[in-house]
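The following comprises the amino acid sequence and a computationally predicted model.
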Amino acid sequence: MMDPMRWGNAHALAAAHVTGQVIPARAQMATTLGFHIILACLGIALPTIVLIAEFIGLRRGDDTAMTLARRWSQAMGVLVAVGAVTGTVLSFEMGLLWPGLMRKYGAVLGLPFGIEGLFFFLEAIFTAIYLYGWRRLPGWAHFWTGIPIAVSGILGAMSVIAVNAWMNQPGGFTVRDGRIVSVSTWQVFFNHAAYYEMPHMILAAYMVSGFTVAGVYAAGILRGRRDRYHYTGFAIPFVTAAVLTPFQIVVGDTAARAIAHDQPVKFASMEYVPKTSTNVPEWLGGVFANGHIYGGLKIPDFDSLLVGFSPKTKVIGWDSVPAAGRPPLPWLIHLCFDVMVGLGFLLLLAGLWALYVWWRQRRLPRPRLFWLLGAVSGLAAIVAMECGWVVTEVGRQPWVVYRLQTTAQAATTNGGVIASLSVVIVGYAVLGMATIVILRMLARRWRRGDQAGPGVPYGPPDQPGQPVGQVQS
Amino acid sequence: MIADAVGAILLATITLYAMLGGADFGGGLWDLLAGGAGRGRGPRALIEESITPVWEANHVWLVFALVIFWTAFPDAFAPVMTVLALPIWLAVLGIVLRGAGFAFRKEVTSLPLQRLLGAAFALSSLLTPFFMGAVIGGIAASHVPANGGHDNLAAWTSPTSILIGLLFVGACGYLAAVYLTGEAAKRGDERLRVYFTRRAQAAGVVTGALSLATLAALHGSDPVLFHRLTGRALALVILAAVTGLTVLVLLTTGRLRGPRPLAALGVAAVIWGWGVAQYPALLPGTAVTLGNSGAPHSTQAAVVAVFAAAVVLVGPSFGLLFALHGRQVLTGGAALTGGDVEENGSPGSGR
């Protein structure tokens, strides 16, 4: 671990001085990815939740579940459209912000993206058939057109995550005279970080989607809308997400241990390990500044125990690399990691609470606290996921491709990133607010029992004679 | 040569994007020009119904083309994304406004909001193809150096680039109007059929004139490309001209079957004409060619494999989507109704 050659070439690090465009380029990538990833989660997992509702609706002849499936798929239509365009922004940003990365490694990391393109096609095509087939396709046929969306959502997510995992654990290619001369698609796709990053993010997508949708109905229940419609709308997504939460915690724990081995400096920042040693304590909270940790709860030996199941486990500290090879802002990485883990356990608790009450009394918990927890569970899941991204992305710095290329080497040479960053911040704020406003308008329309969409002057003409379903709000 | 195959694949994905996604942009153009809320209701409703279920899937061709470009030809991709960054940013901005405006407009009920979102959708449908055309113009006119360097306004604001930008807008409008003529006829809407026939004719004439103007501009600014277009790519240029004229004749005589495939073929002929004229250069004026742009053989082979998988998996899926859409199974919007699913599902039963 102390071999300087393993720590990337001194060459690259010397070039790691941060030029004018790197910070705004990273800020822009963080903003656009941080925004899109929420929609991506919904794109990956919301179809499954809608399909579960439709399945219950068809199987049990449950009109409430059917109404929910229809309404969720209408919301899905809006979210998928916004997700499709914000995802396109990211594709272009790969080249616009990081031409150095693409020139050097485009031929390697492009392949999983190409495979993702395939699943993106299938997702878009079957989403269209599913969303717009409600009226004319018979029940089960309609249900089955949704299955390819759910499957390609997962496979597409695996492909994109493969790229991020590859940036953390690059491999699967041969270099000769500074040029890449051969690439193994299989090894690039299933790199050393893929086995934990893929399940971690896909589970996160299901948790974000499930808890977010459940949160909407928990908020309705808190406002006194205690009817079957709201309880069903809460239960389907909540159970989906809550069942997966313990698996997520196990995967996350595995991931952290793998990172301690594969990217020790990232791990040292996550856990505040300034010096390589044994009997490393675990810090809960605390701010690292000027070589000290202020505040925070110290649990002796616990970090060593987590990493190697023994207090004698040696944990590598960030002193193992020169200062230029360490990520900036260890306090941010550490606190984000703690927030993610803390929220994960909070969500686990919410699920266990519901499970316990169901086991004893065959009903959902009554206390207001549970529904408050349910109402914020979506936000909690989103914050946890965003924190996870901060940990993995800031923690990989100064590298864009771990130990091979620095972020500074990858960044565009163009000036004016600050201009596109400003447009992105304003534009995405408006886009985000507009999306929320539109979804709230939909919800209001549903509550009024106004089933038909706007007819005039733009939309397709209303179709008379459509029976209106049961509205239970 | 596998690099040539990958080049052909890239050109094929660009062609599909132009034929499918381009028409969606053209729909936005006609939405923009449809007049006030009352007068424009009919055409806007037809445009909306035609685009809604397919635009996202059509849009994926752009992402797919982009990914193939950077994976198979990174040494060409990086300079393009640097030198032509500004028009690409503007096109991306247009893509976001178009998609969001279109999706949001359906769901709002107040007329001023519909107008605002409709304007975002329609205006960006005009700007996006323009900037994409300007980017292609910048590449074709040898304005992108191999080493990249910095963004350069002059690289995409030459008369040739601007003309190609306008040509893209015209071609999108032309394709959309021809397709919409067919859609109107299928629905038995004679008034809209005539409405879009006139627009298809007008757009056809404008696009033809822009093509000639572009050729004339190339004659002055880029003689190499001009001579190749009138040399080894001449057959394709003639094909484009013949299909364009045939479409105009068929539209005038009220034929419904021929115009749509012929219009698409004409656009494809222009794109392949450009490809053949530029071959094997990727960045004309530099040493960057198909066989020499940074990706190893194994990557290019993998791209061919991914494309083959796309043909096998995505092709039939698109077929299903278009078949269902063509039979008007995908009309009326997702969960716009809380009503029960119609059991018979017979095509066109709601009309």
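Happy to help now that I have it.

So for the one helix or strand residue B:309 maps to, mean pLDDT?
According to DSSP states H and E, residue B:309 maps onto helix B:297-326. Helix B:297-326 shows a mean pLDDT of 93.

List the buried residues in that helix.
B:298-300, B:302-304, B:306-307, B:310, B:313-314, B:317-318, B:321-322, B:324-325 (16 or more other Cβ atoms under 10 Å in any protein chain shown). Using the backbone N, CA and C atoms, a C-beta is placed for each residue, glycine as well.

Could you check how far the residue of chain A found nearest chain B is from residue A:95?
Distance from chain B to each residue of chain A (Cβ to the nearest Cβ) is smallest for residue A:110, at 2.6 Å. Residue A:110 is 11 Å from residue A:95, where distance means Cβ to Cβ, to the nearest Å.

Touching both of the two, which residues are there?
Here residue A:110 and residue A:95 share the contacting residues A:102, B:70, scored by Cβ atoms under 8 Å, 6 or more residues apart in numbering or on different chains.

what about the two, which has more around it?
residue A:110 (31 against 25; other Cβ atoms under 10 Å in any protein chain shown).

Secondary structure of the more buried one: a helix, I assume?
Yes: applying DSSP: H, G, I helix; E, B strand; the rest coil, one finds residue A:110 inside a helix.

That one and residue B:72: what is the separation?
Taking Cβ to Cβ, one finds residue A:110 at 8 Å from residue B:72.

what do the two both touch?
Listed as contacting both residue A:110 and residue B:72 by Cβ under 8 Å, 6+ apart are residue B:299.

can you give me the strands in chain B?
In chain B, no strands are defined using DSSP state E.

Looking at it, which residue is nearest chain A?
For chain B, Cβ to the nearest Cβ, closest residue to chain A: residue B:71, 2.6 Å.

Leaving out the residues flanking it, which one is nearest to that residue?
Leaving aside its chain neighbours, residue B:71 sits nearest to residue A:110 (2.6 Å; criterion: Cβ to Cβ, 6 or more residues apart in numbering or on different chains).

Can you give me the pLDDT of that neighbour?
If you check residue A:110, the pLDDT there is 92.

just checking, it touches residue B:67?
Yes: look at residue A:110 against residue B:67 with Cβ atoms under 8 Å: they come within range, at 5.9 Å.

Which residues belonging to stretch A:142-150 are considered buried?
Buried-residue list, stretch A:142-150, by 16+ other Cβ under 10 Å: A:142-143, A:145-146, A:148-150.

Next, format those as JSON lines and append distance to residue B:192.
Shown next, in JSON lines, are these (distance: Cβ to Cβ, whole Å):
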{"residue": "A:142", "distance to residue B:192": "30"}
{"residue": "A:143", "distance to residue B:192": "35"}
{"residue": "A:145", "distance to residue B:192": "30"}
{"residue": "A:146", "distance to residue B:192": "33"}
{"residue": "A:148", "distance to residue B:192": "34"}
{"residue": "A:149", "distance to residue B:192": "33"}
{"residue": "A:150", "distance to residue B:192": "38"}
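
ok, which of these also contact chain B?
Near chain B, judged by Cβ under 8 Å from any Cβ of the partner chain, the entries from those are A:142, A:148.

Residue A:233 contacts residue A:68, correct?
Yes: using Cβ under 8 Å, residue A:233 makes contact with residue A:68 at a distance of 5.3 Å.

in the stretch 351-473 of chain A, which ranges drop under the pLDDT threshold?
A:450-473 (pLDDT under 70).

how about the strands in it?
Taking DSSP state E, counting those that start in this stretch to define them, one finds strands in the stretch 351-473 of chain A at A:399-401, A:405-406.

go on, the stretch 151-300 of chain A?
Under the criterion DSSP E, counting those that start in this stretch, the stretch 151-300 of chain A contains strands at A:173-176, A:179-183, A:282-284, A:287-289, A:292-294, A:297-299.

Now that we have the strands of the stretch 351-473 of chain A, can you turn them into CSV and tack on distance to residue A:357 and mean neighbour count?
Listed next are those as CSV, based on distance: least, Cβ to Cβ, whole Å; neighbours: other Cβ atoms under 10 Å in any protein chain shown:
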stretch, distance to residue A:357, mean neighbour count
strand A:399-401, 47, 24
strand A:405-406, 52, 24
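
Turn these into TSV, columns for distance to residue A:288.
Shown next, in TSV, are these (distance: least, Cβ to Cβ, whole Å):
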stretch	distance to residue A:288
strand A:399-401	21
strand A:405-406	23
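
Tabulate the CA atom coordinates of stretch A:315-325 in PDB.
Extracted in PDB, the C-alpha atoms of stretch A:315-325 (Å, rounded to 0.1, in the frame of the first residue of the first chain):
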ATOM      1  CA  VAL A 315      -6.900   0.300   9.000                       C
ATOM      2  CA  ILE A 316      -5.000   2.400   6.400                       C
ATOM      3  CA  GLY A 317      -5.100   6.100   7.100                       C
ATOM      4  CA  TRP A 318      -4.900   9.000   4.600                       C
ATOM      5  CA  ASP A 319      -1.300   9.600   5.700                       C
ATOM      6  CA  SER A 320      -0.500   6.700   3.300                       C
ATOM      7  CA  VAL A 321      -0.600   9.100   0.400                       C
ATOM      8  CA  PRO A 322       0.900  12.600  -0.100                       C
ATOM      9  CA  ALA A 323      -1.500  15.400   0.600                       C
ATOM     10  CA  ALA A 324      -2.100  16.000  -3.200                       C
ATOM     11  CA  GLY A 325      -3.500  12.400  -3.400                       C
END
